[in-house]
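> my questions are about this predicted structure, shown below with the sequence.
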Amino acid sequence: FLQSIYPDYDWQEWKSSRGTKVGSKRLKDNQRRFFDWAAKRLGINSMEDWYHVSAEKLDEVAREASAEVSKAAFRRRLLSVALVETYPEHKWLEWKFLNVPRSFWADRENQIRFFDWLARDQLGLRTLEDWYEVSYDDIAKNGGVRVLHMHHNSLATALKFVFPEHAWDLWKFKRWNQDTSSDGSLNQL
């Protein structure tokens, strides 16, 4: 009622999620309003900026505003999941977030998306043969450490899983060792 009388007032409806069922349109709308408001408070100018925000920092901003919607938005979820669900129209690159769900890299499709993106948009690889020259650091600095860990820190093993139709020549891969990896871990084929 008051909103119709004072339409120019910023009511910040998203601050309260009382009586709102999880998964309801109202809760989703409130989450979106909350993230839009928080983006202004955090100085976020583009969706890309969200990749560098920690859940702790966002929670701090929410506490300042006494926003209950943040509790509903993050209940048993990561910031990356909440943002992907809240802004489905944006093409997210989940591996760029500070944290992704443990199950994210278990999905082969996510691994394919990552390696396609890495080859095309980051490394400028033109053929599958170009992968033989990729270093551990090339993958690590682009958010791929966890996917490599799933494959025992082996690019060859990861690529055989992602692109099984290709006949990989294992001897052509660069050998990774402590001298070539920035994190000091032993990386082998």
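Everything's here; your move.
> which stretches of this protein form strands?
In chain order, the chain shows no strands, with DSSP state E as the criterion.
> please enumerate the helices of it.
2-5, 25-42, 55-64, 69-74, 79-86, 108-117, 136-140, 145-150, 155-162 (DSSP state H).
> need the winner for burial among these.
helix 69-74 (a mean of 22; mean count of other CB atoms under 10 Å). Heads up, the C-betas are built off the backbone N, CA and C, glycines and all.
> which stretches of the protein aren't confidently modelled?
1-27, 65-77, 176-189 (pLDDT under 70).
> closest to the centroid, which residue in it?
Nearest to the geometric centre of the chain sits Glu94, at 2.3 Å (CA atoms, centre = their mean).
> so how far is Val145 from that one?
Look at Glu94 and Val145: by CB to CB, to the nearest Å, they are 14 Å apart.
> swap in Glu48?
To Val145, Glu48 is 20 Å away according to CB to CB.
> how about Lys96?
Counting by CB to CB, the gap from Lys96 to Val145 is 13 Å.
> how many residues are close by the nearest residue to Ala158 once chain neighbours are set aside?
Of all residues not flanking Ala158 in the chain, His151 sits nearest, at 4.0 Å (CB to CB, 6 or more residues apart in numbering). By other CB atoms under 10 Å, the residues close to His151 number 17.
> so His151 sits right up against Thr157, yeah?
Yes: using CB atoms under 8 Å as the test, His151 is close enough to Thr157 to be in contact (4.0 Å).
> how long is stretch 46-63 end to end?
23 Å (CA to CA, to the nearest Å).
> just use 39 as the starting number from now, easier for me
Shifting the count to begin at 39 puts that one at stretch 84-101.
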